[in-house]
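Trainee: predicted model and sequence follow; I will ask about them next.
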Amino acid sequence: MKEFMMIFMGPDYQSLGMSPEEMQANMGKWFAWNDKMTAQGIVQHGNALQPHGKHITGKDAVVVDGPFIEGKELVGGYYVIKAESLEAAVEVAKGFPDFDLDGTVEIREIMVFE
């Protein structure tokens, strides 16, 4: 088995004007997806990310405050999963709950150094 990181990008729910009930219903989809993958032994770990942080860049290590929203899309969280192949990881990612909100998933294999 290989490990893959799924990086979730999408809108900030508050910017969509979702009601608390709509946000709760959407989170229910996330919990169900997480529970399914956990029961199957796919999810190793993962977390949601706050929209605020720091961005450090360049030879002078310039620090800029977040949020880091480009085109109304932010990195909202990640999972590290186990799958046989990139194609199998893609199949897992197809359950991403925010596709209907124009969210995207980036999948990358975790590099193992020997």
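Mentor: Received the coordinates, thanks. Residues are numbered from 1 along each chain as shown.

Trainee: buried set for stretch 99-114?
Mentor: Across stretch 99-114, burial judged by 16 or more other Cβ atoms under 10 Å covers 105, 107. The C-beta positions use only the backbone N, C-alpha and C, and glycine is treated the same way.

Trainee: what distance separates the start and the end of it?
Mentor: Criterion Cα to Cα, to the nearest Å; first-to-last residue distance in stretch 99-114 is 36 Å.

Trainee: who's in contact with it?
Mentor: Stretch 99-114 is touched from outside by 2-11, 16, 26, 73, 76, 80, 86, 89-90, 93, 96, with contacts defined as Cβ atoms under 8 Å, 6 or more residues apart in numbering.

Trainee: how about stretch 18-38?
Mentor: 13, 43, 46, 79, 81, 92, 95, 96, 97, 98, 101.

Trainee: same thing but 10 Å
Mentor: For stretch 18-38, contacts defined as Cβ atoms under 10 Å, 6 or more residues apart in numbering pick out 6, 8, 11-14, 16, 42-44, 46, 48, 77, 79, 81-82, 92, 95-98, 100-101.
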